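**Student:** After the sequence you'll find the predicted model.
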Amino acid sequence: MRLWRWTRWLSLWLLLVANLHAVSEPASLWGIPLSEYALRRDALREQAGEQAIVLAGESSTPVRLKFRQDSNLMYLTGVEAPGAVLVLLPENSPLGVSEVLFLREQSPISRTFEGELPTPDERTQQMTGVQAVRSVRELNEFLKQVAQAHPQILLNRLARNAGLDQTLREANPEAQLGSVERLLAALRIKKSPAELRLLRNAIRATIDAHRAAARKIAPGAYEYEVEAVIQEAFRRNGSERDAFPSIIGSGPNSCILHYSANRRRMQQGDLVVVDIGAEYSYYAADITRTYPVSGKFSPRQRALYLSVLEAQKAAERAAKPGITMHELDRIARETLRNSPLRAKDTDGKEYTLDHFFRHGLGHALGMDVHDPETGQPLQPGAVFTIEPGVYIPTENIGIRIEDDYLMTQRGAIKLSAALPSDPAAIERMMGQKSPLSSKAR
């Protein structure tokens with residue numbers, strides 16, 4: 001009897017703890033707390049001052065593609081629904097509201113084909129935390145009121161594409177219309193702890209995919225077969241979509257920066273550039289490694305690879321708060337220029353390796369694989385890539401090494417450090433072949 005009572009009390013206590021945890025856990029969308037979305041909207045309104053803001057989301061997507069919301073609208077609302085429009089107004093607006101999300105109503109037929117989507121009702125208002133949620137049928141009339149009450153208005157590109165600028169001008173020919181993208185770019189630079197968790201999930205999925213690719217690469221395998229195991233690893237790790245089309249460029253294709261056909265059959269002696277990134281809850285990874293198809297780098301390939309790796313390490317060491325991407329680019333190029341290695345270009349002339357570094361050193365990373373940038377020095381909280389490369393078409397050698405970094409007060413932290421980049425470690429990683437790669441072709 002005592003045991004029964006003790007078990008009963010334990011069960012009641014565990015239930016109470018679980019309920020308290022559920023109550024205390026903040027409401028969120030896509031892993032971001034609703035309070036953080038609200039802070040983002042408040043920060044944007046503060047930056048805009050007395051200006052109104054009109055942001056349209058993606059209106060639709062081709063039937064065979066998965067819908068993806070515009071990153072800026074997702075950043076501010078967490079709402080994944082076609083045709084959404086967000087209007088932000090100054091706190092003292094005479095219209096009596098500071099934020100309104102307009103959504104399409106959903107027909108029974110649409111619900112049958114697409115499933116349930118956020119609609120203009122109280123449930124969506126509670127789900128998003130936006131002050132007011134209304135039908136998109138009310139949008140034009142509301143915009144006319146906005147144009148009269150707030151003649152200075154910032155719009156995003158999609159709002160212009162939808163003709164909302166014309167609606168505003170017709171309502172008030174004196175209205176001054178500008179772009180909101182620059183304000184949003186500045187807000188999106190510093191990543192919150194919640195954003196970093198999602199970025200790390202995307203990076204983890206991408207690292208797993210690289211390991212699968214390394215095991216699959218072998219003479220006789222097709223580039224698309226490598227892409228297939230990458231896709232499987234992405235989805236197995238919870239990635240909803242690719243952050244960008246996967247680049248699996250072998251042999252001569254390794255010299256094509258954004259090659260994505262992925263149709264060639266890999267050959268003994270090739271190098272293959274694998275530039276891939278998973279997207280996880282709207283946050284992107286971007287990691288590149290270069291693999292020897294035979295499983296071992298040739299002496300020439302290894303020497304070139306080490307030069308590129310040293311350029312990355314030099315930029316990584318210099319990455320401190322206050323430095324610009326332009327300055328890091330210069331450091332990487334100087335490192336390649338100082339290498340004793342030389343190569344001939346298609347004009348027959350011999351050059352230092354910096355001549356074959358044909359793109360920028362890196363870019364901002366976040367909700368987009370190339371997140372918006374302001375050109376300002378890197379500050380703590382910024383996430384970015386460092387990706388030097390050399391591309392020598394006369395030798396069918398392309399080499400790129402790319403990792404994802406977080407700037408902190410002490411310097412850059414490599415978020416993708418779990419994936420090796422040392423050539424010996426790359427070869428060891430390739431040593432564990434998948435069962436299919438060992439079959440006769």
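**Tutor:** Arrived safely, thanks for sending.

**Student:** can you give me the helices in the chain?
**Tutor:** Taking DSSP state H, the helices of the chain run over residues 2-24, 34-48, 71-77, 108-114, 122-128, 139-149, 157-161, 164-171, 181-189, 193-216, 223-236, 299-318, 325-337, 423-431.

**Student:** Now do the last one: which elements does it pack against?
**Tutor:** Packing partners of helix 423-431 (3 or more C-beta pairs under 8 Å, 6 or more residues apart in numbering; DSSP states H and E): helix 193-216, strand 287-292, helix 299-318. Bear in mind the C-beta positions are built from the backbone N, C-alpha and C, glycine included.

**Student:** hang on, residue 178 packs against residue 154?
**Tutor:** Yes. Because the distance of 5.0 Å satisfies C-beta atoms under 8 Å, residue 178 is recorded as touching residue 154.

**Student:** so where's the protein uncertain?
**Tutor:** Applying pLDDT under 70 to the chain flags residues 1-26, 61-64, 433-441.

**Student:** check contacts around residue 171.
**Tutor:** For residue 171, the contacting residues are 143, 144, 147, 148, by C-beta atoms under 8 Å, 6 or more residues apart in numbering.

**Student:** again, but for residue 241
**Tutor:** Applying C-beta under 8 Å, 6+ apart, the residues contacting residue 241 are 66, 68, 279.

**Student:** can you put these in TSV and add distance to residue 381 and neighbour count?
**Tutor:** What follows is the contacts of residue 241, written out as TSV (distance: C-beta to C-beta, whole Å; neighbours: other C-beta atoms under 10 Å):
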residue	distance to residue 381	neighbour count
66	30	8
68	25	15
279	20	24
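
**Student:** Tabulate those (CSV), appending distance to residue 121.
**Tutor:** Formatted as CSV, these follow (distance: C-beta to C-beta, whole Å):
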residue, distance to residue 121
66, 25
68, 24
279, 29
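
**Student:** Okay, and which of these map to strands?
**Tutor:** Per DSSP state E, strands hold the following members of the contacts of residue 241: residue 279.

**Student:** Spatially, what comes nearest to the residue nearest the centre of the chain if we skip its sequence neighbours?
**Tutor:** Computing the C-alpha centroid of the chain and ranking residues by C-alpha atoms, centre = their mean puts residue 284 first, at 2.5 Å. Taking C-beta to C-beta, 6 or more residues apart in numbering as the measure, residue 284 lies nearest to residue 243, with 3.5 Å between them; neighbours along the chain are not counted.

**Student:** Residue 88 too?
**Tutor:** Nearest residue to residue 88, sequence neighbours excluded (C-beta to C-beta, 6+ apart): residue 53, at 4.1 Å.

**Student:** which ones are touching that neighbour?
**Tutor:** With contacts defined as C-beta under 8 Å, 6+ apart, residue 53 is in contact with 44, 45, 86, 87, 88, 89, 153, 154, 155, 180.

**Student:** repeat that for 7 Å
**Tutor:** The neighbours of residue 53, taking C-beta atoms under 7 Å, 6 or more residues apart in numbering as the test, are 44, 87, 88, 154, 180.

**Student:** Among those residues, which one sits closest to residue 37?
**Tutor:** residue 44 (10.9 Å; C-beta to C-beta).
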